[in-house]
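> can you look at this prediction? I've put the sequence above it.
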Amino acid sequence: MLPKEFKPDALFDLLRVGKNNDGGYLICKKSLEESKFLLSFGISDDFSFEENFKKINNIKIISFDPTVSNIFFLKKIIKNLLKLNLKIFYHNIINYIKFKKFFDNKNNILIKKKIEKGGNASYEHFDFNEIIKLTNYSSSIFLKIDIEGDEYRILDDIINNNKLIEGIAIEFHDADLHTDKIINFINKINLSLVHVHPNNYSTYGKGEIVSSLEMTFSKNPKLIKNEVTFPHELDQKNNPDAEDLKIVFKV
C-alpha cells in the first residue's frame, strides 16, 4: 500500500536501460535522448546502466562510488575462486576487464568519493553542488542514484538544481520510514514521476509499504495513455528467484 503521491499520473513512453533484473531501470525515452550529461551515483561492479545509456546517447558520464577499487574486484575474484565457483570466477574477471576499459576513457570518469549535503565536502566526501560544477552547469543532466540510503542527504540539493535536470532514476531505501521525505521530493522536484517499481530484494515494511522503491522522473515525458497499471510490461524482478512485490496505491 503506497501513498497516492507515489503513483504516476499516466503511462509514459519508457524504455529499459541496464541489464536484466537488478541494475536495470525504466526511464523516459525522451529524457535519455535529450540528456547532455549523465551523473551516476553508486556503481559497485555493475555499470550496465551507464554502458547502455552511452550506447543510446553518447554523452559524457561522471560516476561516483568510494567502494570501487582494484582490491574490491580482486576480493570478489578470489572469493569465487576459493569456492570453486568457476562460472562466476570467470565472469568477475571479464567484468573487471570491461569495467577498466569503460572507465579508462576521458568521457567516462569514475570518482571514488562519497557525496554529502552542501557544505560537508572533504577528502572522502564530495559536495553535490561541486558535482554540478563539474558539468559546467550543463542543462539536461540525467541523474542515476543508488547510494544505499544516502540519497536522503542530497534531495534538497537536487530540488535546488532541478532546472538543470532532464531526468532521474533513483532508488529510495527504507522508503517505508521516509515517506514524508519522498512525498516532499515528488511535490518539489518540478519533474513528472513516470514510473515506480518495488525492489523485491527488500520486503514490506511499516504500513505495508515496500521498503525499497525505484522511481523515475522526467522533465517532459511523452504521454502514451492516461491509464497506468503495474507492473509495466518492461518491468523485471530485481531478484529473479524471489516472489515479486505487488503495489497498491491509496485512493
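The structure has been received and is ready for your questions. Keep in mind that what you see is a predicted model, and the values were worked out from it rather than measured.

> I'd like the average pLDDT over the helix or strand containing E33.
In the assignment (DSSP states H and E), E33 maps to helix 29-34. pLDDT averaged over helix 29-34 equals 96, rounded to a whole number.

> repeat that for stretch 186-205.
This predicted structure assigns stretch 186-205 an average pLDDT of 96.

> buried set for stretch 7-20?
If you call a residue buried by 16 or more other C-beta atoms under 10 Å, then stretch 7-20 has these buried ones: 8, 11-12, 14, 16-18. Backbone N, C-alpha and C define where each C-beta goes, glycine included.

> tell me which two in the residues you listed are the farthest apart.
Taking C-beta to C-beta as the measure, these span a maximum distance of 20.6 Å, between L11 and G18.

> ok so, going back, okay, and which of the buried residues of stretch 7-20 map to strands?
Taking DSSP state E as the definition of strands, the buried residues of stretch 7-20 contribute 11-12, 14, 16-17.

> need these in JSON lines (columns: distance to K206 and pLDDT).
As requested, those are exported to JSON lines (distance: C-beta to C-beta, whole Å; pLDDT from 0 to 100):
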{"residue": "L11", "distance to K206": "29", "pLDDT": "97"}
{"residue": "F12", "distance to K206": "29", "pLDDT": "97"}
{"residue": "L14", "distance to K206": "29", "pLDDT": "98"}
{"residue": "R16", "distance to K206": "30", "pLDDT": "98"}
{"residue": "V17", "distance to K206": "31", "pLDDT": "98"}
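
> output the lowest mean pLDDT helix or strand found in this protein.
Using mean pLDDT, DSSP states H and E, strand 114-116 stands out as the lowest-scoring helix or strand of the chain, at a mean of 58.

> about what we covered before: out of the buried residues of stretch 7-20, which one sits closest to V194?
When the buried residues of stretch 7-20 are compared for distance to V194 (C-beta to C-beta), F12 comes out closest, at 4.5 Å.

> the closest one reaches S218, doesn't it?
Yes - taking C-beta atoms under 8 Å as the definition, F12 is a contact partner of S218 at 7.0 Å.

> who touches both of the two?
28, 192, 194 (C-beta atoms under 8 Å, 6 or more residues apart in numbering).
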